[in-house]
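Novice: My questions concern the predicted model and sequence given below.
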Amino acid sequence: MRIILAGATGAVGAPVARALLAAGHDVIGLSRTRNGLPEGVRPLTADALERDGLLRAARGTRADAVIHQLTALKKPPMRHRDMTLTNRLRVEGTANLIALAREVGATRFLTQSMIFGYGYGDLGDQPVTEAAPFGRDGRGGFTAHLRAMRSNEEQTFAIGGIALRYGIFYGAADDPTVDLIRQGRLPVPKGGVISRIHVEDAATATLAALERGRPGQAYNIVDDLPAGWRDYYRAVAEAHGAPAPRTVPAWLLKATPYLHAIFTATCRVSNARAKSELGWTPRYPTYRDGIAATTA
Ligand SMILES: NC(=O)c1ccc[n+]([C@@H]2O[C@H](COP(=O)([O-])OP(=O)(O)OC[C@H]3O[C@@H](n4cnc5c(N)ncnc54)[C@H](OP(=O)(O)O)[C@@H]3O)[C@@H](O)[C@H]2O)c1
């Protein structure tokens with residue numbers, strides 16, 4: 001297939017691009033700059049938030065599929081306002097990429113979604129499946145993020161597209177938190193438990209969904225073992241020979257409500273549907289496996 005991959009230079013977009021190329025697909029990478037565009041990807045340079053310019057840049061291009069991997073999270077979000085641009089990419093960005101898909105004749109559309117769409121609080125001990133409510137209004141500042149995630153998915157399902165509800169990404173080549181841990185500069189709160197996914201596994205799941213996903217479906221893309229932040233960062237420190245990170249009480253993060261919510265949320269998510277319908281299994285079933293492979 002010929003695929004337009006929006007965000008091909010990103011932390012997850014680049015591994016997705018490499019997985020698509022390795023499977024023999026032809027990849028056109030959409031981004032505003034070409035920094036970090038994987039070898040073999042043809043550039044399509046445009047701003048996805050400017051519909052006219054985007055469609056102009058794509059004029060004459062034909063493609064079978066469009067994959068939306070756009071976020072604006074290079075700086076980890078701490079306050080609600082740090083999510084504004086990402087929310088726009090999930091509402092206007094999705095609308096513009098759907099217009100792009102029409103323009104180039106693409107019949108498959110996949111979008112990056114997120115397990116926080118199930119809610120930022122404590123979702124309990126049982127693994128959450130795709131049948132759980134998604135993108136329901138939350139407390140205060142969280143509603144804008146939840147509505148943006150819902151809009152992204154609703155627009156996608158309306159054209160028979162597929163939403164990939166990824167867990168927390170880890171394993172990216174330039175993950176800034178790894179350096180902070182190595183330098184002993186990242187205190188970690190005792191807090192919730194969350195499902196994660198190594199970026200290479202996110203990439204193979206995306207490829208599987210492109211080739212075998214059912215139109216109009218959501219798939220949770222997470223590994224097999226939800227884990228606490230403290231356990232995760234302790235394992236990162238251990239793998240790098242750094243001292244275990246200092247533990248701080250979660251209330252210390254209350255000045256940065258978005259970060260506080262991320263660190264205290266309990267969100268255990270089931271990957272059963274992705275395994276059975278997509279025939280996908282994570283190469284790194286736990287964060288320990290993924291950290292060991294990334295460090296090696
Ligand atoms: N599920 C999760 O845990 C999750 C989800 C997303 C991101 N993150 C984290 O956030 C950090 C950054 O992730 P990332 O690299 O994917 O995000 P990013 O650096 O913000 O960029 C994502 C991609 O989108 C492109 N892009 C952004 N805005 C665009 C626009 N208006 N028009 C066209 N292209 C645009 C970027 O290229 P240009 O800047 O060149 O345009 C880049 O290719 C990573 O640490 C990642 O792990 C986590």
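Specialist: Okay, I see it. The structure displayed is predicted, hence computed values, not measured ones.

Novice: Point me to the residue sitting closest to the centre of the chain.
Specialist: Centroid-nearest residue in the chain: Tyr166, 5.0 Å away (criterion: CA atoms, centre = their mean).

Novice: so it bridges to which residues?
Specialist: Met114, Ile221 (DSSP bridges).

Novice: who are the neighbours in contact with His240?
Specialist: For His240, the residues meeting the contact criterion (CB atoms under 8 Å, 6 or more residues apart in numbering) are 178, 181-182, 295. The C-beta positions use only the backbone N, C-alpha and C, and glycine is treated the same way.

Novice: where's Ala242 relative to the ligand, distance?
Specialist: 19 Å (CB to the nearest ligand atom, to the nearest Å).

Novice: Check which element follows the helix or strand Pro43 falls within along the chain.
Specialist: Assigned by DSSP states H and E, Pro43 belongs to strand 42-45. Sequence-wise, the next helix or strand downstream of strand 42-45 (DSSP H and E) is helix 51-58.

Novice: mind listing what's buried in the longest helix that the chain contains?
Specialist: In the chain, ranked by residue count with DSSP state H as the criterion, the top helix is helix 142-158. For helix 142-158, the buried set under the neighbour-count rule, 16 or more other CB atoms under 10 Å, comprises 142, 144-153, 155-157.

Novice: and if you look at stretch 276-283?
Specialist: 278, 280, 282.

Novice: Can you report how many residues neighbour the closest residue to the second one other than its chain neighbours?
Specialist: Leaving aside its chain neighbours, Trp280 sits nearest to Ala208 (4.2 Å; criterion: CB to CB, 6 or more residues apart in numbering). Other residues within reach of Ala208 by the criterion other CB atoms under 10 Å amount to 22.

Novice: can you count the residues close to Ala57?
Specialist: Counted with other CB under 10 Å, the neighbours of Ala57 add up to 17.

Novice: thinking it is in contact with Thr45, fair?
Specialist: Yes. The pair Ala57 / Thr45 is scored as a contact, 6.7 Å apart, by CB atoms under 8 Å.

Novice: So for Ala250, what's the pLDDT?
Specialist: pLDDT for Ala250: 86.

Novice: Tell me the spacing between the residue nearest to it when sequence neighbours are not counted and the ligand.
Specialist: Of all residues not flanking Ala250 in the chain, Pro189 sits nearest, at 4.1 Å (CB to CB, 6+ apart). For Pro189, the distance to the ligand equals 17 Å [CB to the nearest ligand atom].

Novice: isn't Pro189 right up against Arg246?
Specialist: No. Contact criterion CB under 8 Å: Pro189 and Arg246 do not qualify, at 10.1 Å.

Novice: Those two: which is more packed in?
Specialist: Ranked by neighbour count (other CB under 10 Å), Pro189 and Arg246 place Pro189 first, with 19 against 10.

Novice: Pull the number of nearby residues for the nearest residue to Ala239 once chain neighbours are set aside.
Specialist: Setting aside the residues directly before and after it, Ala239 is nearest to Thr295 in space (CB to CB, 6+ apart), at 4.2 Å. Number of residues near Thr295 (other CB under 10 Å) recorded here: 14.

Novice: Would you mark the buried spots in the least confident helix or strand in the chain by mean pLDDT?
Specialist: For the chain, using mean pLDDT, DSSP states H and E, the weakest element among its helices and strands is helix 176-182, scoring a mean of 85. Under the neighbour-count criterion of 16+ other CB under 10 Å, helix 176-182 has 177-178, 180-182 buried.

Novice: distance of the residue lying farthest from the centre of the chain from Val269?
Specialist: Residue farthest from the centre of the chain, counting by CA atoms, centre = their mean, is Gly60 at 29.8 Å. Applying CB to CB, to the nearest Å, the value for Gly60 to Val269 is 41 Å.

Novice: State the pLDDT value of Pro226.
Specialist: At Pro226, pLDDT is 98.

Novice: what's near enough to touch it?
Specialist: Residues near Pro226 by CB under 8 Å, 6+ apart: 127, 193-196, 267-269.

Novice: Make JSON lines from those residues and add distance to the ligand, pLDDT and neighbour count to it.
Specialist: Converted to JSON lines, these look like this (distance: CB to the nearest ligand atom, whole Å; pLDDT from 0 to 100; neighbours: other CB atoms under 10 Å):
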{"residue": "Pro127", "distance to the ligand": "17", "pLDDT": "97", "neighbour count": "17"}
{"residue": "Val193", "distance to the ligand": "15", "pLDDT": "96", "neighbour count": "18"}
{"residue": "Ile194", "distance to the ligand": "9", "pLDDT": "97", "neighbour count": "24"}
{"residue": "Ser195", "distance to the ligand": "10", "pLDDT": "98", "neighbour count": "25"}
{"residue": "Arg196", "distance to the ligand": "8", "pLDDT": "98", "neighbour count": "26"}
{"residue": "Cys267", "distance to the ligand": "11", "pLDDT": "97", "neighbour count": "25"}
{"residue": "Arg268", "distance to the ligand": "15", "pLDDT": "98", "neighbour count": "20"}
{"residue": "Val269", "distance to the ligand": "11", "pLDDT": "98", "neighbour count": "25"}
